[in-house]
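Novice: Here is a sequence with its predicted model. Questions after.
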Amino acid sequence: MASIESRLKELGIVLPKPAAPVANYAPALITGNLLFISGQLPLDANGKIAPGHIGKLGLDLFNEAGQEAARVCAINLLAQAKAALGSLSRITRCVRLGGFINAGPKFHALPAVMNGASDFMVAALGPDKGRHTRTTVGVAELPMDAAMEIDAVFEIDPESHH
Amino acid sequence: MASIESRLKELGIVLPKPAAPVANYAPALITGNLLFISGQLPLDANGKIAPGHIGKLGLDLFNEAGQEAARVCAINLLAQAKAALGSLSRITRCVRLGGFINAGPKFHALPAVMNGASDFMVAALGPDKGRHTRTTVGVAELPMDAAMEIDAVFEIDPESHH
Amino acid sequence: MASIESRLKELGIVLPKPAAPVANYAPALITGNLLFISGQLPLDANGKIAPGHIGKLGLDLFNEAGQEAARVCAINLLAQAKAALGSLSRITRCVRLGGFINAGPKFHALPAVMNGASDFMVAALGPDKGRHTRTTVGVAELPMDAAMEIDAVFEIDPESHH
């Protein structure tokens, strides 16, 4: 079975240095077999949001750019997971993604946008570990006017050494 | 103590065939003693949303229809739980409901709407297993312009055989 | 190491009588090592929301008042935790805060507002127990037109006696 690292390589993904929390909170935290990750914005490798990933879906950007933003959020979730765990091989599955989309009036194609994150997670972790539960909603505003914010819960092997 | 199945029968509820996920995610997933369920829309037994359960609370529909929509979401949560667990008797309690209401301007009767789900959960599971924590917020947009989306975490007996 | 109770005393905080749930749900619930707390509004010790903590950030109130509202939500989370646990000394850490901000158009200073809750949690629990993961989003409407709603998951010592 391909490792998550080798899948990422195949996908051409280099995980960015994860964003440091801008305040009194933790990007990620382990309790028992669960790894909680704070909501991630579509920050690029330079810690900025690309102009095409800013604003409201249906007004400022559209489905495909939204999917890309969702994918970037998911990449950042994995970057935080790696920093917290040492090795992505400790992930036994992605339990849940919470997707918050910056939605303009009457924009209902929220699941299609969120697929950018779900498809990436399955591609990176494989179907057994990657298929997760999810909740997708359209919110009024997001930090930095990002198009998307996603948080996650992963199941991990607490015993692994790395 | 009445079983959940017998309570549902008394309530006249037949759980629908649960909605298949429309993409790369899972409707439900077990980790340890917890069952996570993806956000459920008020899809009826035919997989459609009744016209009265579409749109914004306070604009397109009002409290009572919103409560009905919340109840349908909760029924769908139990349908997903049954599909994942084999038997609802493995549920030891409902831990949490996350309620996202499609809210029009100045619509603040969000708890009253969410009660449609909470009251159903207590009626179906009984007060000991059914009383849950919950978070109720009004969001900007929802998939399919549904009036409501609800996700859940249940505590289960991981040892039960079915 | 200072106890949580002594830190609260130093901060001049007296935890209010926690708000009773207004319907068929529980303010807090323990499963395994986790304590889930229902979404808390910035209710004051009299069970009312101060006028300055009502409405939309960026329209009706601004950053500093929003931070205060977030801090009041966090105080109420601890009040619920204490009622559920008997003693706050059973808290081993704050795992997650979910922050939902009543956001007016183009209000993006959501993290700054949420810091009111995060900073309080770290002040009350100390940095080791208090630093949590968080998700901060701007929603369309909240119950009672509150400026803020926050829910929480804490890790607890299930074995403690009190």
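Specialist: Everything's here; your move. This one's a predicted model, so the numbers in the text were calculated from it and none came from an experiment. Numbers count the residues shown, from 1 in each chain, chains lettered A, B, ... in the order given.

Novice: residues in contact with the nearest residue to residue A:95 once chain neighbours are set aside?
Specialist: Nearest non-adjacent residue to residue A:95, counting by Cβ to Cβ, 6 or more residues apart in numbering or on different chains: residue A:153, 4.4 Å away. Just so you know, the C-beta spots here come from the backbone N, C-alpha and C atoms, and that holds for glycine as well. Contacts for residue A:153 (Cβ atoms under 8 Å, 6 or more residues apart in numbering or on different chains) come out as A:34, A:35, A:36, A:37, A:94, A:95, A:96, B:36.

Novice: Among the residues you listed, name the ones in strands.
Specialist: Among these, DSSP state E puts A:34, A:35, A:36, A:37, A:94, A:95, A:96, B:36 in strands.

Novice: interface residues of chain A facing chain B?
Specialist: Applying Cβ under 8 Å from any Cβ of the partner chain, we find that chain A lies next to chain B at A:32-34, A:93, A:95-97, A:101, A:103-108, A:110-111, A:114-115, A:118-119, A:121-122, A:130-140, A:153, A:155.

Novice: So which of those belong to helices?
Specialist: Among these, the members found in helices (DSSP state H) are A:110, A:111, A:114, A:115, A:118, A:119, A:121, A:122, A:130.

Novice: Buried among those? Need that as a selection in PyMOL.
Specialist: In PyMOL, this line selects whichever of these come out buried by 16 or more other Cβ atoms under 10 Å in any protein chain shown:
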select buried, chain A and resi 110+111+114+115+118+119+121+122+130
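
Novice: Number of residues surrounding the residue of chain A found nearest chain B?
Specialist: Chain B sits closest to residue A:138 of chain A, with a gap of 3.1 Å, by Cβ to the nearest Cβ. Residue A:138 has 29 neighbours, counted by other Cβ atoms under 10 Å in any protein chain shown.

Novice: residues contacting the nearest residue in space to residue A:131 that is not next to it in sequence?
Specialist: Among residues not flanking residue A:131 along the chain, residue B:26 sits closest, at 4.6 Å (Cβ to Cβ, 6+ apart). Neighbour list for residue B:26: A:131, A:132, A:133, B:38 [criterion: Cβ under 8 Å, 6+ apart].

Novice: Out of those residues, grab the one that's most surrounded.
Specialist: residue A:133 leads the contacts of residue B:26 on contacts (other Cβ under 10 Å) with 27 neighbours.

Novice: just checking, it touches residue B:27?
Specialist: Yes - between residue A:133 and residue B:27 there is a contact under Cβ atoms under 8 Å: 7.1 Å.

Novice: Could you identify the longest helix within chain A?
Specialist: The residue-count maximum for a helix in chain A (DSSP H) belongs to helix A:63-85.

Novice: Contacts only, for whichever residue of chain A sits closest to chain C.
Specialist: For chain A and chain C, the shortest gap (Cβ to the nearest Cβ) falls at residue A:141, measuring 3.1 Å. Residues in contact with residue A:141 (Cβ under 8 Å, 6+ apart) are A:102, C:101, C:103, C:104, C:105, C:106, C:107, C:108, C:110, C:137, C:138.

Novice: Could you dump those residues into TSV with pLDDT added?
Specialist: Output for the contacts of residue A:141, formatted as TSV (pLDDT from 0 to 100):
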residue	pLDDT
A:102	98
C:101	98
C:103	98
C:104	98
C:105	98
C:106	97
C:107	98
C:108	97
C:110	98
C:137	98
C:138	98
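
Novice: Now do the residue nearest to residue A:95 against residue B:29, distance only.
Specialist: For residue A:153, the distance to residue B:29 equals 10 Å [Cβ to Cβ, to the nearest Å].

Novice: Overlap of the contact sets of those two?
Specialist: Common contacts of residue A:153 and residue B:29, defined by Cβ under 8 Å, 6+ apart, comprise A:95, A:96, B:36.

Novice: thinking again about what came up before, identify the farthest-apart pair in the contacts of residue B:26.
Specialist: Within the contacts of residue B:26, A:131 and B:38 form the most distant pair, 10.6 Å apart (Cβ to Cβ).

Novice: Find the residues that touch each one of these two.
Specialist: Counting by Cβ under 8 Å, 6+ apart, the common neighbours of residue A:131 and residue B:38 are B:25, B:26.

Novice: Chain A against chain C: which residues are in contact?
Specialist: When proximity is defined by Cβ under 8 Å from any Cβ, chain A lies next to chain C at A:22-29, A:31-32, A:36-39, A:98, A:100, A:139-145, A:149, A:151.

Novice: go with 7 Å
Specialist: For chain A, the contact set with chain C under Cβ under 7 Å from any Cβ of the partner chain comprises A:22-26, A:28-29, A:31-32, A:36-39, A:98, A:100, A:139-145, A:149, A:151.

Novice: list the contacts for the most centrally placed residue in chain A?
Specialist: Nearest to the geometric centre of chain A sits residue A:74, at 2.1 Å (Cα atoms, centre = their mean). Going by Cβ atoms under 7 Å, 6 or more residues apart in numbering or on different chains, residue A:74 touches A:117, A:120, A:121, A:150.

Novice: Now it. Nearest residue, chain neighbours left out?
Specialist: Closest residue to residue A:74 apart from its sequence neighbours, by Cβ to Cβ, 6+ apart: residue A:117 at 4.0 Å.

Novice: mind listing what the one you found touches?
Specialist: If you count contacts by Cβ under 7 Å, 6+ apart, residue A:117 has them with A:70, A:71, A:73, A:74, A:97, A:99, A:150.

Novice: Then residue A:111?
Specialist: Going by Cβ under 7 Å, 6+ apart, residue A:111 touches A:136, B:22, B:23, B:143.

Novice: will you turn these into TSV that also has distance to residue B:61, pLDDT and secondary structure?
Specialist: Output for those, formatted as TSV (distance: Cβ to Cβ, whole Å; pLDDT from 0 to 100; DSSP: H, G, I helix; E, B strand; the rest coil):
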residue	distance to residue B:61	pLDDT	secondary structure
A:136	21	98	strand
B:22	24	78	coil
B:23	27	90	coil
B:143	16	98	helix
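
Novice: which of the residues you listed count as buried?
Specialist: Buried residues within the contacts of residue A:111, counting neighbours by 16+ other Cβ under 10 Å: A:136, B:143.

Novice: For residue A:113, which non-adjacent residue is spatially closest?
Specialist: In this structure, residue A:113 finds its nearest non-sequential neighbour in residue A:66, 3.8 Å apart by Cβ to Cβ, 6+ apart.

Novice: same question, residue A:119
Specialist: In space, not counting the residues next to it along the chain, residue A:119 is nearest to residue B:24; the distance is 5.1 Å by Cβ to Cβ, 6+ apart.
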